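Novice: here's my sequence, what's the structure:
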Amino acid sequence: MSSAVRIERETLIGLAADARAIFNPPGQIPPGALAGERVSRQQGRGMNFDSLRRYQLGDDVRLIDWQATARMRTPWIRLYNEEKERPIFILVDQRRDMFFSTRVQTKSVAAAKIAALLAWRSYHDGDRLGGLIFGDDAYSLHKCRSPAGTLPALLDDIVRFNHQVADNYPEESPHPLTLVSMLRHAITLIPAGSWVALIGDFHDLDNECDALLAALRRRGEVSAFVMLDDLHLRLPSQGKLSARYEGREADFSLSPYLQDGIKQNITARLSDQEKRLTRLGVRVNQIVVADDLLWQLQKGI
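Specialist: Prediction:
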């Protein structure tokens, strides 16, 4: 089957070098902010409480522990350790609705590549890596662990689920998995302070998803990578348009009125989706599957 509708493991492995060109995920200190060869993964204050010691001349008074000072009747300060780690959790949708394309590659293939690029970036940075890959009737969950141990299994699952959606199309699962059910499974295993990357088309985003995403956002950074085909922006004003879905085909004539209606409808849906996610504090990256994926990550992440 064509690489446009089916990803191979060799392709995902080949993205390792490209991943080095991706900027740091949201919440990380930008390049150049600290001395050193690579960017530190500090978050917020970037510090964890370590111990107490007596105040010494020149110490920052903001570090004084007033409870200990009152108890000991002499100034004591709090000492901190640098927080050197930022867990990365990647959730990848490989359901039937992702098996769509008008050119270059399907949304499912593009999503697989985006996930691999982000996973490789995590590997290069030494961040703990976890993820959840799901199709219509099954999913695979990986806890946040060492990227060297997690990455091979994560890539294998991305390939496996990507092949399943291509092999099983257009068969419909009797009880398809939902985005909200996957978020429920994932949220308990995502450590506080994580960066969460959600990759899919978000076609079943609902109020329950909103609540779970808001809870995730209170615990860390969340980015949504919305996979889309830009056909609505490329429609001619007239002519014949053919469509195929679940083995059924249809032809219809385009008119300027119909073209404008399709464009406005899809543009409004994507805009509403973006506003909804943004209100929850989620950073939204709309990814056009036919365009250069690495460039879009560099521009928007």
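
Novice: going by C-alpha atoms from here, please, whenever you check contacts or count neighbours.
Specialist: Fine.

Novice: so where's the stretch 151-300 of the chain uncertain?
Specialist: In the predicted model, the stretch 151-300 of the chain carries pLDDT under 70 at residues 244-247.

Novice: please enumerate the helices of it.
Specialist: For the stretch 151-300 of the chain, the helices defined by DSSP state H, counting those that start in this stretch cover 179-187, 207-219, 231-234, 256-279, 293-300.

Novice: which one of the ones you listed lies closest to Ala110?
Specialist: Ranking these by distance to Ala110, with Cα to Cα as the measure, places helix 293-300 first at 7.6 Å.

Novice: which residues are contacting the closest one?
Specialist: Here helix 293-300 makes contact (Cα atoms under 8 Å, 6 or more residues apart in numbering) with 18-19, 21-23, 110, 114, 285, 287.

Novice: before we move on, what about stretch 280-289?
Specialist: Stretch 280-289 has contacts (Cα under 8 Å, 6+ apart) with 104-107, 110, 210, 213-214, 217, 221-230, 274, 277-278, 293, 296, 300-301.

Novice: mind running it again at 6 Å?
Specialist: 110, 214, 222-229, 300 (Cα atoms under 6 Å, 6 or more residues apart in numbering).

Novice: next: stretch 126-138.
Specialist: In contact with stretch 126-138 (Cα under 6 Å, 6+ apart) are residues 85-95, 139-147, 176-177.

Novice: now Thr278: how far from Arg217?
Specialist: 11 Å (Cα to Cα, to the nearest Å).

Novice: and what of Arg269?
Specialist: Arg269 is 23 Å from Arg217, where distance means Cα to Cα.

Novice: which of these two has more residues huddled nearby?
Specialist: Neighbour totals were compared for Arg269 and Arg217, and Arg217 leads with 20 against 12 (other Cα atoms under 10 Å).

Novice: what residues are up against that one?
Specialist: No contacts exist for Arg217 under Cα under 6 Å, 6+ apart.

Novice: list the beta-bridge partners for Ala224.
Specialist: Beta bridges link Ala224 to Leu198, Val284 when assigned by DSSP bridges.

Novice: what about it, neighbour count?
Specialist: 23.

Novice: report the contact partners of it.
Specialist: Residues near Ala224 by Cα under 6 Å, 6+ apart: 197-198, 284.

Novice: of the contacts of stretch 126-138, which belong to helices?
Specialist: Within those, residues falling in helices by DSSP state H are Pro147.

Novice: please, a ChimeraX command that selects the buried ones among the contacts of stretch 126-138?
Specialist: Of the contacts of stretch 126-138, the buried ones can be selected in ChimeraX as follows, counting by 16 or more other Cα atoms under 10 Å:
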select :85,86,87,88,89,90,91,92,93,94,95,139,141,142,143,144,145,146,147,177
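
Novice: in strands, which of the contacts of stretch 126-138 appear?
Specialist: 88-93, 139-145 (DSSP state E).

Novice: among these, which one sits closest to Val165?
Specialist: The nearest one, if we look at the ones in strands among the contacts of stretch 126-138 relative to Val165 and count by Cα to Cα, is Asp93, at 10.4 Å.

Novice: who's in contact with that closest one?
Specialist: Taking Cα under 6 Å, 6+ apart as the criterion, Asp93 is in contact with 134, 200.

Novice: cool, and Leu63?
Specialist: Leu63 neighbours (Cα under 6 Å, 6+ apart): 77-78.

Novice: equivalent analysis for the one 3 residues further on, please.
Specialist: By Cα under 6 Å, 6+ apart, the contact set of Trp66 is empty.

Novice: now do the same contact list for the residue nearest the centre of the chain.
Specialist: Taking Cα atoms, centre = their mean, the centroid of the chain lies closest to Ala197, which sits 1.9 Å from it. For Ala197, the contacting residues are 90, 223-224, by Cα under 6 Å, 6+ apart.
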